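[1] Prediction below, plus the sequence it came from.
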Amino acid sequence: MIAISKSRRTNNSLIYNQGRLMTNVSGRGWMWAYRKMRSLLCPRLSSAYRATLYVLRGDTGVFYNTLTHQKIRIRK
């Protein structure tokens, strides 16, 4: 585990001095991705799954919305 000596708060996000971003400064985390998927009329389960992929990989992958037949992909 990496020992972290100093940190500072900026825009309600914690940034470490080693240059490693520990939280999302842009505000585009899991909840943002979930709400974005829901706004595109995706089902709850699919939205939760795709939001998790977005947070872990930075990309939801390409998928089709069965209701609107749209091709959707969200990436960082």
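    Sure, I can see it.

[2] Whichever helix in the chain runs longest - contacts with which helices or strands?
    Longest helix in the chain by number of residues (criterion: DSSP state H): helix 44-57. Other elements packing on helix 44-57 under the criterion 3 or more Cβ pairs under 8 Å, 6 or more residues apart in numbering; DSSP states H and E are helix 30-39. Where C-beta positions appear, they are placed from N, C-alpha and C, glycine not excepted.

[3] Find the residue ranges of this structure scoring beneath the pLDDT cut-off.
    1-26 (pLDDT under 70).

[4] switch to 90 and redo it
    Along the chain, the parts satisfying pLDDT under 90 run over 1-28, 41, 65-70, 76.

[5] any idea how far Tyr64 is from Lys71?
    Using Cβ to Cβ, to the nearest Å, we find Lys71 at a distance of 6 Å from Tyr64.

[6] Run the angle between the longest helix of the chain and helix 30-39 for me.
    Angle, helix 44-57 to helix 30-39, by axes from the mean of the first three to the mean of the last three Cα atoms, to 10 degrees: 140 degrees.

[7] give me every residue that touches the closest residue to Tyr34 other than its chain neighbours.
    Using Cβ to Cβ, 6 or more residues apart in numbering and skipping the chain neighbours, the partner closest in space to Tyr34 is Ala51 (4.0 Å). The contact partners of Ala51, taken as Cβ atoms under 8 Å, 6 or more residues apart in numbering, are Trp30, Met31, Ala33, Tyr34, Met37, Thr60.

[8] Identify the farthest-apart pair in those.
    Using Cβ to Cβ, those reach their maximum pairwise distance at Met31 and Thr60, which is 14.5 Å.

[9] between the two, which one's more packed in?
    A count of neighbours by other Cβ atoms under 10 Å puts Thr60 above the other of Met31 and Thr60, at 23 against 11.

[10] From what I see, that one and Lys76 are in contact.
    No. Look at Thr60 against Lys76 with Cβ atoms under 8 Å: they stay out of range, at 10.1 Å.

[11] any residues in contact with both of the two?
    Counting by Cβ under 8 Å, 6+ apart, the common neighbours of Thr60 and Lys76 are Tyr54.

[12] Sort out which residues of stretch 64-76 are buried, please.
    Ile72, Ile74 (16 or more other Cβ atoms under 10 Å).
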